[in-house]
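Asker: How does the following fold in three dimensions:
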Amino acid sequence: MDNLSDLKIIDINDETISKVEWRFVKRIFDLIFSLTVAILLLSWLIPLISLLIKLSSRGPVFFLQDRIGLNNEKFRCIKFRSMYTGNEKRGKIFSPTVENDRRVTGFGKLLRRLNLDELPQFWNVIKGEMSIVGPRPLAVPFGDDFKIYSNAIILRQLVKPGLTGWAQVHGLRGEVADRIENRNRTVKRIEYDIWYIRNWSCRLDIRIIILTVWQMITNRTAAH
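Answerer: Purely as a prediction, here's the structure:
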């Protein structure tokens with residue numbers, strides 16, 4: 001629901017991705033893709049990265065955080081830890097990560113730049129909490145903040161959040177220090193997410209996956 005002058009407008013959606021049969025197809029693809037990656041890549045890469053994290057800084061290997069998922073339900077999102085420990089005690093853990101953020105470890109910068117910190121989220125995909133492609137899940141403290149930018153953010157919760165998404169492959173990742181610019185980026189990110197939901201297809205998912213892998217290989221993820 002949105003406002004148009006003095007009228008209340010209700011947007012009735014009938015997107016392909018909302019249909020049961022296509023959600024089933026998307027889920028099967030997620031499982032096959034995730035299990036294949038887990039066997040061929042994660043089986044040796046996760047232990048290697050875990051060791052390097054332990055050698056580079058104190059603290060746990062993984063970072064767990066409550067995120068907003070399908071139908072506004074919370075779930076525990078798992079990532080490789082890329083920051084120094086102790087930020088949660090100082091109330092800084094929910095501050096958006098910006099460029100040259102001092103909380104990020106040296107090895108963490110590499111992980112974030114290459115999107116490797118997100119690899120453990122394949123487990124969230126296998127559990128059914130996330131999809132390979134979809135809007136990135138918001139941390140719970142940021143959910144209400146984003147609503148002040150656009151009522152359309154509610155539509156993001158009609159699908160499972162993704163490891164990667166249409167907004168991310170267009171460079172809309174992370175935050176910036178300038179509040180006005182950050183607001184504009186947030187609105188644009190929501191617009192890209194809604195476009196993805198309304199134009200979803202298996203071909204689009206495959207295109208986004210290919211673009212994501214290519215950006216990782218060429219170091220063009222725009223992450224920090």
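Asker: Chain neighbours aside, what residue packs nearest to the residue nearest the centre of the chain?
Answerer: The centre of the chain sits closest to Arg136, judged by Cα atoms, centre = their mean, with a distance of 2.8 Å. Excluding the flanking residues, the one nearest Arg136 by Cβ to Cβ, 6 or more residues apart in numbering is Gly165, at 5.6 Å. C-beta here means a position set from N, CA and C on the backbone, and glycine is covered the same way.
Asker: What residues does the one you found make contact with?
Answerer: For Gly165, the contacting residues are Val133, Gly134, Pro135, Arg136, Tyr192, Asp193, Tyr196, Ile208, by Cβ atoms under 8 Å, 6 or more residues apart in numbering.
Asker: how far out from the middle of the chain is the longest helix along the chain?
Answerer: If you go by DSSP state H, the chain has its longest helix at helix 179-198. Relative to the chain's own centre, helix 179-198 is displaced by 13 Å; criterion: Cα atoms, centre = their mean, to the nearest Å.
Asker: rewinding a little: pretty sure the residue nearest to the centre of the chain sits in a strand.
Answerer: No. Per DSSP: H, G, I helix; E, B strand; the rest coil, Arg136 lies outside any strand segment and is coil.
Asker: With Leu40 as the reference, measure out to it.
Answerer: 25 Å (Cβ to Cβ, to the nearest Å).
Asker: So, low pLDDT: which residues of the chain?
Answerer: Counting by pLDDT under 70, the chain has low-confidence residues at 1-14, 87-96, 98-99, 141-152, 174-179, 222-224.
Asker: Tell me where this structure has helices.
Answerer: 20-37, 43-56, 106-113, 122-127, 140-147, 153-156, 179-198, 202-217.
Asker: could you dump the ones you listed to a markdown table with distance to Arg76 and mean neighbour count?
Answerer: Listed next are those as a markdown table, based on distance: least, Cβ to Cβ, whole Å; neighbours: other Cβ atoms under 10 Å:
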| stretch | distance to Arg76 | mean neighbour count |
| --- | --- | --- |
| helix 20-37 | 17 | 14 |
| helix 43-56 | 17 | 14 |
| helix 106-113 | 19 | 18 |
| helix 122-127 | 8 | 19 |
| helix 140-147 | 11 | 14 |
| helix 153-156 | 19 | 20 |
| helix 179-198 | 22 | 16 |
| helix 202-217 | 23 | 15 |
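Asker: For Lys74, which of these is the nearest?
Answerer: Nearest to Lys74 among these is helix 140-147; the distance by Cβ to Cβ comes to 6.3 Å.
Asker: got the contact list for Asn71?
Answerer: Gln157, Leu158 are the contacts of Asn71 under Cβ under 8 Å, 6+ apart.
Asker: next one: the one 4 residues further on
Answerer: Phe75 makes contact with Asp66, Arg67, Gly69, Asn124, Glu129, Met130, Pro137, according to Cβ under 8 Å, 6+ apart.
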